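In: dropping a prediction and its sequence here:
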Amino acid sequence: MRFDHKHLLGIEPLRPEEITTVLDLADQYVDQNRRAQKHSDALTGLTQINMFFENSTRTQASFEIAGKRLGADVMNMAMQASSIKKGETLIDTAMTLNAMHPDLLVVRHPHSGAVDLLAQKVNCAVLNAGDGRHEHPTQALLDALTIRRAKGRLHRLNIAICGDIAHSRVARSNLILLGKMENRVRLIGPPTLVPGNFAEFGAEIYEDMDEGLKGVDVVMMLRLQKERMDGGFIPSEREYYHRYGLDAAKLAHAKDDAIVMHPGPMNRGVEIDGEIADDINRSVIQEQVEMGVAVRMAAMDLLARNLRETRAQQVMEA
Ligand code: NCD
């Protein structure tokens, strides 16, 4: 099992075999999580701090439960949005953290690149839980695991990522991961929400939903990220739903066995029809949440192994 990284800051630096390593280990944690006895000790004795500079319910809960199941001491630090306006404050935060000797630091931040910066200043393994519009690696990994389990493979699939791609770190991380694993990715949305430069990643861009969904295996819907918009991106939510909201009629263009995904939180009746989201024959949205815990356990386990190895080497050298 190879996973040669100190941090998990994005999908970009991962090799395909490292992605497979995370997913294979996560499969084992899925089994563990389904048993009555859910605990193991990969992180026993280690301290995990979750620092969320942006609101989050499921991602923070998922990291917290993942750490606890592996025996870590888990602490959530509530960060005020006002304390992050200056870059320097982030460095100060890092200094404060170092004094507490955490082993794993899980960070979500509204600015792209802030988590990388923090990782350079702290003495522990850092996991990016979403930075601005940049990356959200554990989301892409959990999506990959969900797809692999539903479709039996993670290559040569046709996958549509639909909606607010411009503001989405989920779309970016997924696009990179799915490309590395040799899938064909289509991006579907209005031009205001699909940046043209995303074609660089080898994706095909569609403005029309029916056209774009033709024959796909996976339909990945994204939340309309209103908090990242400053007006003018869509005419109205009603109009948006009419053209880009996933309903039965639009889904009929995808393959008969196509699965429907959404990272949550969902805006029902905006990007997705509630009935589709709840249709257990099509929607894997609940599975995504389950896979989230397992993938985070796997990622933290692998980083902790590397951390322990590095520290053991340092002791030998000293
Ligand atoms: C995503 C995020 O925060 O980027 N949500 C999540 O991690 N569950 C997507 C979103 O907020 O729409």
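Out: Sure, I can see it.

In: buried sites along stretch 15-30?
Out: 18, 19, 20, 21, 22, 23, 25, 26, 27, 29, 30 (16 or more other Cβ atoms under 10 Å). (Glycine included, C-beta is placed from N, CA and C.)

In: so what's the first one closest to, chain neighbours aside?
Out: Okay, so that is residue 18. Distances taken as Cβ to Cβ, 6 or more residues apart in numbering put residue 3 closest to residue 18, at 5.1 Å, once the chain neighbours are dropped.

In: quick one: contacts for the residue in the chain positioned nearest to the ligand?
Out: As assessed by Cβ to the nearest ligand atom, the ligand sits closest to residue 223 within the chain, at 3.4 Å. By Cβ atoms under 8 Å, 6 or more residues apart in numbering, the contact set of residue 223 is 163, 164, 168, 262, 263, 264, 265, 266, 267, 271.

In: before we move on, what about residue 172?
Out: 133, 134, 135, 136.

In: that older thread, got a ChimeraX select line for the buried ones in the contacts of residue 223?
Out: The following ChimeraX line selects those of the contacts of residue 223 that are buried, judged by 16+ other Cβ under 10 Å:
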select :163,164,168,262,263,264,266,267,271
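
In: and the contacts of residue 223 as CSV, adding distance to the ligand, secondary structure and pLDDT?
Out: Formatted as CSV, the contacts of residue 223 follow (distance: Cβ to the nearest ligand atom, whole Å; DSSP: H, G, I helix; E, B strand; the rest coil; pLDDT from 0 to 100):
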residue, distance to the ligand, secondary structure, pLDDT
163, 10, coil, 97
164, 8, coil, 95
168, 7, coil, 95
262, 9, coil, 98
263, 4, coil, 98
264, 5, coil, 95
265, 6, coil, 94
266, 9, coil, 95
267, 9, coil, 94
271, 10, coil, 96
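
In: ok, so of the contacts of residue 223, who is nearest residue 295?
Out: Nearest to residue 295 among the contacts of residue 223 is residue 263, at 12.7 Å by Cβ to Cβ.

In: how about that closest one: what's its closest non-neighbour residue?
Out: Leaving aside its chain neighbours, residue 263 sits nearest to residue 170 (4.9 Å; criterion: Cβ to Cβ, 6+ apart).

In: same check, this time on residue 283
Out: residue 260 (4.7 Å).

In: assign that neighbour to helix, strand or coil.
Out: State at residue 260, reduced to three classes by DSSP: H, G, I helix; E, B strand; the rest coil: strand.

In: count the neighbours of it for me.
Out: Using other Cβ atoms under 10 Å as the criterion, residue 260 is surrounded by 20 other residues.

In: what's the answer for residue 245, then?
Out: Under the neighbour criterion other Cβ under 10 Å, residue 245 is assigned a count of 24.

In: picking up where we left off before, restricted to helices, list the buried residues of stretch 15-30.
Out: 18, 19, 20, 21, 22, 23, 25, 26, 27, 29, 30 (DSSP state H).

In: list the contacts of the second one.
Out: Looking back up the chat, that one is residue 19. So residue 19 contacts 11, 141, 144, 177, 180, 181 (Cβ under 8 Å, 6+ apart).
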